[in-house]
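Asker: Fold the following for me, if possible:
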Amino acid sequence: MTEKIAWVTDTAALLSDEVIKQYNVHVLPLHIVFTDMDIRETIDITSEKFYEKLQGTKEHPKTSQPPIGEVVALYERLKAEGYTSAIAVHTSKHLSGTYQTAFAAAEQAGFTVYPIDSKIGSFPMQKMIEVGNAMQADGVAASEIAEQLTAMADRTRLSFIPTSLSQLHKSGRVSGTQLFLSNLLNIKLVISFEDGVATMKEKVRADKRARGYVVKQLGDDVLHHGVTQVAVIHCNNEEGAKKWREELQIAFSQVTFSITELSICVGVHAGEGTLGLSWVQGV
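Answerer: Numbering: from 1, shown residues only. Prediction:
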C-alpha cells in the first residue's frame, strides 16, 4: 500500500506561511501563560505585541505545550483523511512536553506517528521538514525518514546572545547578583543547545566578543562539516539581524545566510533584542 504521510510540527519551528503551504504542514501552537491570559503562539498575538506585554508584566509568564486533546483531535482527523502515518517534528523534549505528548496522543487516536525530538527549535526544525519532504518525494518510507531525521537532530546547532540578562533573571536562570554584575561590567552570555539542553557556554565582556565566540563555532563547522546554510536568529530584532547578516556574508561568501525570528516561547527567557546563529552540519 502506498504511504500517505502527514507532517506535523509545533510553533517552535516558526515556519513561514509559504513553507506550511508548500509541505502541507500541520502546526500545533505552543502556549504562553500570563496571569490574565493564555496565548497561543502565532494565533492570538504578534511577536511585537507579545514583547510589549512582556515588558509591562511583573510576573514572569510560563510556557506550555498544546493540550493533549488538541493533538489527539489532529491525529484522528489525519487518520480520517486517509493518511497512513505522520512524522511529527517537535522542539526539544527538555523545553516542552510536546514530543512526549505525541506518543500518548497517537495511542489514543489509534494512529501511526513517528515523533522526532529535534533537540532544538527554529531553523533546524525547518530544515528537518524540508529534508524529510525531499526524502518522501523520493519514495523513502516514513519509518526510514524518521530514522534519518532523528540522526540529523544530532547535527543541529543553535547559539544565541541575550541583549541583557533581565528576562533570564525573571525566569530564575540567573541570580540578582549576576544581573547586577552583568549590567555593571557589560557581561554577555552565549547560550548554546547541547543534546537538547540550553546551556550557558561563555561569559565575555562586550557584545563583540560574544558574537566572535559564536562566529568561531560557525567557522569550524563551515570548514570541517560542510555547512552552507545558516540562519541569523533574533527575538524581535530584525534590524540587528540584517546588520549582522551583512557582516557574516562578507566573512563567509560561500554560505547562504537567512534571517529567522525565534519562537516567543524562547523570547520569554532570552528577551527582546536577542541575536544568534543556527545551522545544521552537512547542510
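Asker: Now do the strands in the stretch 151-283 of the chain.
Answerer: 156-161, 187-194, 197-205, 229-234, 256-261, 275-280 (DSSP state E, counting those that start in this stretch).
Asker: can you redo the ones you listed as CSV with distance to Asn24?
Answerer: Heads up, the C-betas are built off the backbone N, CA and C, glycines and all. Formatted as CSV, the strands of the stretch 151-283 of the chain follow (distance: least, C-beta to C-beta, whole Å):
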stretch, distance to Asn24
strand 156-161, 23
strand 187-194, 28
strand 197-205, 31
strand 229-234, 23
strand 256-261, 21
strand 275-280, 22
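Asker: Packed most tightly, which of those would that be?
Answerer: Ranked by mean neighbour count under mean count of other C-beta atoms under 10 Å, these are led by strand 275-280, which reaches a mean of 26.
Asker: most centrally placed residue in this protein?
Answerer: Nearest to the mean C-alpha position of the chain, by C-alpha atoms, centre = their mean, lies Gly121 at 1.9 Å.
Asker: Quick one: classify that residue as helix, strand or coil.
Answerer: coil (DSSP: H, G, I helix; E, B strand; the rest coil).
Asker: Could you list the low-pLDDT ranges of the protein?
Answerer: 1, 164-187, 202, 205 (pLDDT under 70).
Asker: picking up where we left off before, next up, the contacts around the residue nearest to the centre of the chain.
Answerer: Residues in contact with Gly121, defined by C-beta atoms under 8 Å, 6 or more residues apart in numbering, are 12-13, 91-92, 95, 158, 262-263, 265-266.
Asker: Can you redo these as JSON lines, where the extra columns are distance to Leu277?
Answerer: Listed next are these as JSON lines, based on distance: C-beta to C-beta, whole Å:
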{"residue": "Ala12", "distance to Leu277": "17"}
{"residue": "Ala13", "distance to Leu277": "17"}
{"residue": "Thr91", "distance to Leu277": "18"}
{"residue": "Ser92", "distance to Leu277": "17"}
{"residue": "Leu95", "distance to Leu277": "19"}
{"residue": "Leu158", "distance to Leu277": "8"}
{"residue": "Leu262", "distance to Leu277": "12"}
{"residue": "Ser263", "distance to Leu277": "16"}
{"residue": "Cys265", "distance to Leu277": "19"}
{"residue": "Val266", "distance to Leu277": "14"}
